[in-house]
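J.: Need a 3D model of the sequence below.
(one chain, ligands or ions: 3)
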Amino acid sequence: MNTDPRPTVYIETYGCQMNVSDTELMLGKLTASGYESVEKPDGADVILINTCAIRDHAEQRVIGRLGELKSKMKREAVLGVTGCMAQRLGSQLLDRVKHVSLVIGPDGYRELPSLIESARAGVRATSVEFDLEEHYEDFTPRRFDGVKAWIPVQRGCDYKCTYCIVPTTRGPERSRQLAEVIRETESAVASGISEVVLLGQTVNSYHDGTNDFADLLRAVGAVPGIRRLRFTSPHPNDFSDRVIRAMAEIEAFCEHVHLPMQSGSTRTLRRMLRRYTREQYLDCVDRLRAAIPNVSLTTDIIVGFPGETEDDFEETLSAVRTIGFEDAYTFKFSMRDGTPATRFPASDRVTDEVASDRLARLIATVRGANRERNMGLLGARREVLVEKPARRGGLLQSRTRDFKTVMIPGDLSLIGKYLQVELTGTTGSTFLGQIVAQRASLPMAG
Ligand code: SAH
Ligand code: SF4
Ligand code: F3S
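T.: Ligands and ions are numbered 1, 2, ... in the order given. Next up is the predicted model:
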């Protein structure tokens with residue numbers, strides 16, 4: 001029998017880490033306001049779907065999910081849509097999906113408790129104003145991950161890449177005060193966390209009026225107890241020498257950078273308004289590699305952007321081969337309403353057939369290079385941080401400083417620990433590892 005009178009809330013999260021971090025803030029706020037967080041939508045009093053709008057596919061999934069929830073949710077439950085799709089569609093969503101009663105954009109979460117209260121009394125509402133002061137400093141995030149902390153340091157984006165909906169859904173760029181980021185880092189450490197990932201859409205353009213990203217990295221890296229420091233995603237143009245020097249000098253900074261390239265063709269990059277050429281991107285890679293030996297690089301790439309020719313695509317393939325990315329997140333271009341890319345002439349469109357073919361060739365190129373490199377690493381030893389149970393095989397998932405995923409045998413008590421492992425096998429992308437016995441029993445924390 002449930003004797004707990006607290007209303008229950010369930011939040012489902014789509015999209016990037018920024019959304020995951022926002023969900024942690026929302027759950028923190030709602031649990032502090034008397035709600036109990038539950039793991040399933042069935043029977044919950046409040047269901048929130050924290051959405052992504054980056055590609056059409058992401059939105060279609062949410063529409064499908066909202067349909068499914070209609071039959072699952074209690075009749076009196078409140079269903080709310082938050083995040084980027086909420087911001088993009090606003091009150092249209094209330095018109096389109098009748099069982100949704102709240103639509104709240106990324107800057108509106110302060111009002112969640114009161115809007116939910118009203119919705120429970122039958123008032124449907126939309127809240128999609130941007131608030132350039134909003135960082136939710138007084139919210140205490142309820143973290144899902146006990147091993148690493150995702151810490152937003154910036155909200156919004158001031159770049160205007162022509163394909164991208166994010167400036168529309170997240171508004172103008174603003175940075176948190178350095179002292180607030182440090183406060184959050186210290187509180188994460190106090191809860192047993194030793195790895196921090198700083199978040200922002202162009203995180204290295206961080207500036208709080210006094211401190212730049214180099215200052216921020218140095219300050220976070222100096223917090224006692226921080227053993228691993230990462231950030232995502234940087235923009236290639238914002239890697240000043242100061243920032244790269246800080247990365248190289250901070251002991252906790254992990255030898256991995258996710259460096260979105262989008263295309264290897266200067267002509268396409270120009271049409272994307274990425275503000276760098278192929279050569280400038282390669283130069284950024286060289287500067288990072290010169291300062292941080294053995295830095296591993298991952299990237300994002302879009303294929304089938306309007307006007308992308310076979311030659312342009314070949315340039316992307318050749319950049320991928322030249323650079324040797326550890327991994328690449330690859331996407332077929334998706335036209336987003338209201339973005340500048342919608343204004344290219346229809347004759348520039350790349351057919352879905354061609355885009356699919358390019359995507360397959362790109363993935364094969366990335367995978368082929370990875371397999372070769374990863375086979376060459378068998379027998380090597382690495383320090384890993386154990387993250388969570390692996391999805392299959394009763395193994396644990398752990399990660400090296402340079403972002404390789406290593407599956408190791410062991411029990412749940414190892415989660416959160418640092419171990420030395422030998423890489424014994426590879427699927428091509430992830431590794432199998434064996435704990436190196438003499439290090440496994442050392443006290444590892446801290
Ligand atoms: N701020 C980050 C990217 C955020 S979106 C950056 O600038 O790198 C994550 C990735 O989604 C992008 O890097 C891009 O590769 C992809 N993406 C964004 N808009 C897209 C679109 N309209 N179609 C396909 N992929 C897109
Ligand atoms: Fe989108 Fe470009 Fe901003 Fe990244 S930098 S969020 S791709 S507009
Ligand atoms: Fe998606 Fe919004 Fe992130 S559009 S990728 S959830 S910033």
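J.: contacts, neighbours, all on C-alpha from now
T.: Noted.
J.: Next, work out how far apart residue 92 and ligand 1 are.
T.: Using Cα to the nearest ligand atom, to the nearest Å, we find residue 92 at a distance of 21 Å from ligand 1.
J.: who touches whichever strand or helix holds residue 300?
T.: In the assignment (DSSP states H and E), residue 300 maps to strand 296-303. Contact with strand 296-303 is made by 255-263, 313, 324-333, 355, 358-359, 402-403, as judged by Cα atoms under 8 Å, 6 or more residues apart in numbering.
J.: Derive a PyMOL selection command for the buried subset of those residues.
T.: Only the buried members of these end up in this PyMOL selection, burial being decided by 16 or more other Cα atoms under 10 Å:
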select buried, resi 255+256+257+258+259+260+261+262+263+313+324+325+326+327+328+330+331+332+333+355+358+359+402+403
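J.: just checking: which of the contacts of strand 296-303 also lie near ligand 2?
T.: Among the contacts of strand 296-303, none lies close to ligand 2 by the criterion of Cα under 6 Å from any ligand atom.
J.: immediately after the strand holding residue 300, which helix or strand?
T.: Taking DSSP H and E, what comes next after strand 296-303 is helix 310-323.
J.: Rounded mean pLDDT for that next one, please.
T.: In this model, helix 310-323 has an average pLDDT of 98.
J.: Give the buried residues for that helix.
T.: Neighbour-count burial for helix 310-323 flags 312, 313, 314, 315, 316, 317, 319, 320 (criterion: 16+ other Cα under 10 Å).
J.: do the same with stretch 411-431
T.: Of the residues in stretch 411-431, 414-426, 429-431 count as buried by neighbour count, 16+ other Cα under 10 Å.
J.: what about that stretch, start to end distance?
T.: One end of stretch 411-431 to the other measures 18 Å (Cα to Cα, to the nearest Å).
J.: now what about that stretch, what contacts it?
T.: Stretch 411-431 has contacts (Cα under 8 Å, 6+ apart) with 146-147, 193, 367, 370-372, 374-375, 377-389, 396, 404-407, 432-436, 439-440, 444-445.
J.: Now the buried members of those residues.
T.: Among the contacts of stretch 411-431, those buried by neighbour count (16+ other Cα under 10 Å) are 146-147, 193, 367, 370-371, 374-375, 377-378, 381-389, 396, 404-407, 432-436.
J.: Among the residues you listed, name the ones in helices.
T.: Mapping the buried ones among the contacts of stretch 411-431 onto helices (DSSP state H) picks out 367, 370, 371, 374, 375.
J.: Present those as JSON lines; the columns should include distance to ligand 2.
T.: Output for those, formatted as JSON lines (distance: Cα to the nearest ligand atom, whole Å):
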{"residue": "367", "distance to ligand 2": "24"}
{"residue": "370", "distance to ligand 2": "25"}
{"residue": "371", "distance to ligand 2": "28"}
{"residue": "374", "distance to ligand 2": "29"}
{"residue": "375", "distance to ligand 2": "33"}
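J.: Need the max-distance pair from the residues you listed.
T.: Greatest spatial distance among those (Cα to Cα): 367 and 375, at 12.0 Å.
J.: Quick check: chain neighbours aside, which residue is closest to residue 316?
T.: Distance criterion Cα to Cα, 6 or more residues apart in numbering; nearest residue to residue 316, sequence neighbours excluded, is residue 264 at 3.8 Å.
J.: how about the strands in the stretch 251-400 of the chain?
T.: 256-258, 296-303, 327-332, 381-389, 396-400 (DSSP state E, counting those that start in this stretch).
J.: Tabulate those strands (JSON lines), appending distance to ligand 1.
T.: Supplementary listing: the strands of the stretch 251-400 of the chain in JSON lines, determined by distance: least, Cα to the nearest ligand atom, whole Å:
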{"stretch": "strand 256-258", "distance to ligand 1": "9"}
{"stretch": "strand 296-303", "distance to ligand 1": "4"}
{"stretch": "strand 327-332", "distance to ligand 1": "5"}
{"stretch": "strand 381-389", "distance to ligand 1": "23"}
{"stretch": "strand 396-400", "distance to ligand 1": "22"}
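J.: Dihedrals phi and psi, residue 82?
T.: Main-chain torsions, residue 82, degrees, to the nearest 10: phi -120, psi 180.
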